[in-house]
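Peer 1: got a predicted structure plus its sequence, pasted below:
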There are 2 protein chains.
Amino acid sequence: MVDAVGTPAPGGNTPTPGSGLRRRHLLFGGAAAGVGALAAAGAQLAGTAAPRMQVASEDGANGARTVPFYADRQAGVGTAAQAHGVFIALDLKTGTTPERLKSLLKLLSDDAANLTQGKPALADTEGELAVRPARLTVTFGFGPGLFRVLGPERVQAGPLDLPAFSIDKLVPELSGGDLLLQICADDPLTVAHAQRMLLKDSRSFTTVRWVQSGFRRAYGTEQSGTTMRNLFGQVDGTSNPAPGSAEFERVVYGDDSMPAWTPNGTSLVIRRISMNLDKWDELDKSGREEAVGRRLANGAPLTGKSELDEPDFAAVTPVGFPVIADFSHLRRARPEDSSQRIFRRAFNYDSVPGTGGVSDSGLIFASYQADVQRQFVPIQRRLDELDLLNLWTTPVGSAVFAIPPGCAPGGFVGDGLFA
Amino acid sequence: MVDAVGTPAPGGNTPTPGSGLRRRHLLFGGAAAGVGALAAAGAQLAGTAAPRMQVASEDGANGARTVPFYADRQAGVGTAAQAHGVFIALDLKTGTTPERLKSLLKLLSDDAANLTQGKPALADTEGELAVRPARLTVTFGFGPGLFRVLGPERVQAGPLDLPAFSIDKLVPELSGGDLLLQICADDPLTVAHAQRMLLKDSRSFTTVRWVQSGFRRAYGTEQSGTTMRNLFGQVDGTSNPAPGSAEFERVVYGDDSMPAWTPNGTSLVIRRISMNLDKWDELDKSGREEAVGRRLANGAPLTGKSELDEPDFAAVTPVGFPVIADFSHLRRARPEDSSQRIFRRAFNYDSVPGTGGVSDSGLIFASYQADVQRQFVPIQRRLDELDLLNLWTTPVGSAVFAIPPGCAPGGFVGDGLFA
């Protein structure tokens, strides 16, 4: 996905598929940093210096940047992650017919197509707010309830549920949902306006189940491609398949040995991970680094010097303990099997603290993969069994959605399911 | 307040005091757009074309920009408004002594001084999050309860309360407070980290009374100096005294005829204005324009062509009605008296909608003035009596704080009160 304006997109230096960028990866440290980080990573791995990008941007130019809506695949997956993201789960009203659902999806797709291109929605009463899209993307996800409306013959291949994990303390009001709207842009007003327009479209068809708002670094704050940090201060997302790479294709959209539920479709797991910052504060730097298996300063594995160094799991300390501990997140999240990889696109959240509290913070963990059961579940099972980070993190929300393919002009997202 | 790095700040084109920029102003349309809008406004008023700024910024440079902390006046008032702002009201614990209060203010000032300059706080356990200040400012406000701790002889001049307004539906959990932290930056992660550090400092001294998070356009979305729009789609902030101008000095920091409570001090009224977007949607464009007295497209008064045209309140329609209606916000908010002016620095908010709802949106209206009673109250009284916008807006939170002067290195904000 490239920007539609002439200026180079931040992090738009996409490696082509098959560029040979293949490394081993991990979960909690697995990047959702988008294209740029991996482009830089690729350059570094290839032994060349990652160029320091110079974006001579016209004042306000990022507001005009657009990401195409009509395409084989939905935007907002391989798109370099924007600064702001809101995830909204809707429940279809009881008695929704396939015809009604079709009307809703058509309405939403039409408005998303307009809004993402900087045009007002059809019934936009605040059209002036639509003119700065700032890389707005709208991505639709379909939950189990939506497939039930379509009828049993339409229920797609992979089951859209997760097994129970012992670490979970799930709140029903932050879990599940029939229809997901993922709205991302570099501007918070753009996101708020798009959210309002799409919720207005949905009002007579659905009820709002949950809304989760998150953020990453703002446009202009950091050099393009810098790996994001989460609210624990960790470099969060060193390794992620690079959009455009063969590995990204395989992980997100599947291959012959592990196909996605439909061509150009994928799936999304959203986990709301509450991070106990107060308890984390009690841990000193070396304790934190041991828990993660990486250095805080630059994200390097404890056996390496820089963020992208390959961890050496065999290395031991002078007294014989593993340098990267058995219970460390890095070791536990690392897939044993190359099929167990995911693509992350996470956002931090920082909500108003409850009574007496100082923070309600965490991560909206968003994981894309061709097959939830074969890719996401084994990693999560391993982390559920043992991961020192579990002491400070608690999954409080969980939802799984099938991400249908994109659509052509005149079509709508999900139209293939009504054919 | 200027940026500490070499690149020009967005909207950094501050008119000097006494540049003769004097216009009549209004409340709801009164700008919190910061320096740039008024610089442009000044140029237009002077009959010259406002130059289209070209900021050739290095990738990520905005993250390195800093606003000085140590100064005669606190930052975050005249500073061009950042993209993100959080307002936090704290209550001092029962039995707080002046000595304890002094310790708290010293701690907070030291950490604010570091964080705003891109350095970790004293006990910063996530110091890596501190390195991109992105124009971070921390502004402290003192409520009535704080002055009570200092003793009766320290209670400052102007009373820090507002009369009851008939339109108010105030929620105690969104009103009042002893100590305000106003934290603003162009980056949401920077704001979240600073918030966390300062709340950690405060934890043993205070409880959190309320937290309100808001946003404006992101850095890079719009040409510097573009007047912000609120969630009604209105150009919100056409007129605001320009920081650096003589009028700004008079309005915010007072003059001989209307002094502030202390030299280089001012006051801040925070009103949380809930905006009923659903009801607003029922109004067509001409109805909206009549309610406000301005055109939606460009914010021009209904008697003019462009945003900065002076409204003609005498103009009538062919059938004899005023073009700018008597009940319009523009006419009602317009001060009859030049002492009744304020400086606005508002942020939009968009919270998670309640059960069954589609939005919980509005404006964190922040008004600075030398004297709350003589400047803010008369305007608000007039709007309370009659303002068509009251049909769609409801004040749900209200708080008033004295803004003490800034401090020198080694000092702390409020140190003059302990002298």
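Peer 2: On my side now, so go ahead. Numbering: from 1, shown residues only, chains lettered A, B, ... in the order given.

Peer 1: nearest to chain B: which residue in the stretch 1-150 of chain A?
Peer 2: Residue of the stretch 1-150 of chain A nearest chain B, by Cβ to the nearest Cβ: A:Glu126 (3.1 Å). The C-beta positions use only the backbone N, C-alpha and C, and glycine is treated the same way.

Peer 1: touching, that residue and A:His193? I think so.
Peer 2: Yes: applying Cβ atoms under 8 Å, one finds A:Glu126 in contact with A:His193, separated by 6.4 Å.

Peer 1: spit out the residues that contact these two alike.
Peer 2: Common neighbours of A:Glu126 and A:His193 are listed as B:Leu231 (criterion: Cβ atoms under 8 Å, 6 or more residues apart in numbering or on different chains).

Peer 1: circling back to that earlier point, list the contacts of the residue of the stretch 1-150 of chain A closest to chain B.
Peer 2: So A:Glu126 contacts A:His193, A:Arg196, B:Leu231, B:Phe232, B:Gly233 (Cβ under 8 Å, 6+ apart).

Peer 1: PyMOL command to pick out the buried ones of those?
Peer 2: Buried residues within those, by 16 or more other Cβ atoms under 10 Å in any protein chain shown, are selected in PyMOL with:
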select buried, (chain A and resi 193+196) or (chain B and resi 231+232+233)
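
Peer 1: save the contacts of A:Glu126 as a markdown table, and put in distance to A:Val319 and secondary structure too.
Peer 2: Below are the contacts of A:Glu126 laid out as a markdown table (distance: Cβ to Cβ, whole Å; DSSP: H, G, I helix; E, B strand; the rest coil):
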| residue | distance to A:Val319 | secondary structure |
| --- | --- | --- |
| A:His193 | 59 | helix |
| A:Arg196 | 60 | helix |
| B:Leu231 | 61 | coil |
| B:Phe232 | 66 | coil |
| B:Gly233 | 66 | coil |
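
Peer 1: can you pull out the helices in chain A?
Peer 2: Ranges of helices in chain A, per DSSP state H, are A:35-45, A:98-116, A:144-150, A:188-202, A:246-248, A:277-281, A:285-292, A:329-333, A:377-385.

Peer 1: what's the closest of these to B:Ala325?
Peer 2: With distances scored as Cβ to Cβ, the stretch of those nearest to B:Ala325 is helix A:188-202 (27.1 Å).

Peer 1: same for the closest one, what does it pack against?
Peer 2: Judged by 3 or more Cβ pairs under 8 Å, 6 or more residues apart in numbering or on different chains; DSSP states H and E, helix A:188-202 is in contact with strand A:84-92, helix A:98-116, strand A:179-185, strand B:206-215, strand B:347-351.

Peer 1: low-confidence stretches in chain A?
Peer 2: Within chain A, the stretches with pLDDT under 70 are A:1-58, A:155-158, A:336.

Peer 1: most remote residue from it's center?
Peer 2: Relative to the C-alpha centroid of chain A, counting by Cα atoms, centre = their mean, A:Val319 is the outermost residue, at 40.3 Å.

Peer 1: any idea how far that residue is from chain B?
Peer 2: 28 Å (Cβ to the nearest Cβ, to the nearest Å).

Peer 1: quick one: that residue from A:Pro311, how far?
Peer 2: Look at A:Val319 and A:Pro311: by Cβ to Cβ, to the nearest Å, they are 20 Å apart.

Peer 1: next, name the residue at the spatial heart of chain A.
Peer 2: A:Arg345 (2.3 Å).

Peer 1: my guess is that residue contacts A:Gly78. True?
Peer 2: No: in this structure A:Arg345 lies outside contact range of A:Gly78 using Cβ under 8 Å: 9.2 Å.

Peer 1: for A:Ile379, grab the count of nearby residues.
Peer 2: A:Ile379 has 24 neighbours, counted by other Cβ atoms under 10 Å in any protein chain shown.

Peer 1: ok, now A:Arg374?
Peer 2: 16.

Peer 1: got the contact list for it?
Peer 2: A:Met258, A:Ser339, A:Gln340.

Peer 1: right, and the first one touches A:Ala370 too?
Peer 2: Yes: at 5.7 Å, A:Met258 and A:Ala370 qualify as touching, with contact defined as Cβ under 8 Å.

Peer 1: got any residues that touch both of those two?
Peer 2: A:Arg250.

Peer 1: more crowded one of those two?
Peer 2: Higher neighbour count among A:Met258 and A:Ala370: A:Ala370, with 25 against 14, using other Cβ under 10 Å.

Peer 1: now the more buried one: how far from chain B?
Peer 2: As for A:Ala370, its distance to chain B is 31 Å (criterion: Cβ to the nearest Cβ).

Peer 1: over to the closest residue to chain B within the stretch 201-350 of chain A: give its phi and psi.
Peer 2: Taking Cβ to the nearest Cβ, chain B has its nearest neighbour within the stretch 201-350 of chain A at A:Gly233, 3.1 Å off. The phi and psi values for A:Gly233, taken as degrees, to the nearest 10, are phi 90, psi 0.

Peer 1: thought B:Gly127 was touching it, still the case?
Peer 2: Yes: contact criterion Cβ under 8 Å: A:Gly233 and B:Gly127 qualify, at 7.3 Å.

Peer 1: before we move on, the earlier item: make a markdown table out of the helices and strands packed on helix A:188-202 and add mean neighbour count and distance to A:Ser245.
Peer 2: Shown next, in a markdown table, are those (neighbours: other Cβ atoms under 10 Å in any protein chain shown; distance: least, Cβ to Cβ, whole Å):
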| stretch | mean neighbour count | distance to A:Ser245 |
| --- | --- | --- |
| strand A:84-92 | 24 | 22 |
| helix A:98-116 | 20 | 24 |
| strand A:179-185 | 27 | 21 |
| strand B:206-215 | 21 | 34 |
| strand B:347-351 | 22 | 36 |
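
Peer 1: want to throw these into a markdown table with distance to B:Asp168?
Peer 2: Compiled in a markdown table, these are given as follows (distance: least, Cβ to Cβ, whole Å):
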| stretch | distance to B:Asp168 |
| --- | --- |
| strand A:84-92 | 30 |
| helix A:98-116 | 35 |
| strand A:179-185 | 33 |
| strand B:206-215 | 16 |
| strand B:347-351 | 17 |
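
Peer 1: and B:Val400, which of the ones you listed is closest to it?
Peer 2: Here strand B:206-215 is closest among the helices and strands packed on helix A:188-202 (Cβ to Cβ), at 13.6 Å.

Peer 1: name the residues that touch that closest one?
Peer 2: A:188-189, A:192, A:352-353, A:356-358, B:83-93, B:104, B:173-179, B:199, B:270, B:272, B:346-350, B:363-364, B:397.

Peer 1: and with 6 Å instead?
Peer 2: Strand B:206-215 has contacts (Cβ atoms under 6 Å, 6 or more residues apart in numbering or on different chains) with A:188, A:352-353, B:84-92, B:173-174, B:177, B:347-349, B:364.

Peer 1: kindly report the residues of the stretch 51-200 of chain A close to chain B.
Peer 2: Residues of the stretch 51-200 of chain A lying close to chain B by Cβ under 6 Å from any Cβ of the partner chain are A:53, A:55-56, A:59-60, A:62-63, A:125-126, A:128-129, A:132, A:134, A:186-189, A:192, A:196, A:199.

Peer 1: A:Phe140 against A:Val413, yeah?
Peer 2: Yes: with contacts counted by Cβ atoms under 6 Å, A:Phe140 reaches A:Val413, the gap being 4.6 Å.

Peer 1: around chain B, pick out the residues from the stretch 201-350 of chain A.
Peer 2: Going by Cβ under 6 Å from any Cβ, the residues of the stretch 201-350 of chain A near chain B are A:203, A:208, A:211, A:215, A:217-224, A:233, A:281, A:350.

Peer 1: gap between the two ends of stretch A:181-192?
Peer 2: From its first residue to its last, stretch A:181-192 covers 13 Å (Cα to Cα, to the nearest Å).

Peer 1: quick one: distance of it to the chain centre.
Peer 2: Computed by Cα atoms, centre = their mean, to the nearest Å, the chain-centroid distance of stretch A:181-192 equals 14 Å.
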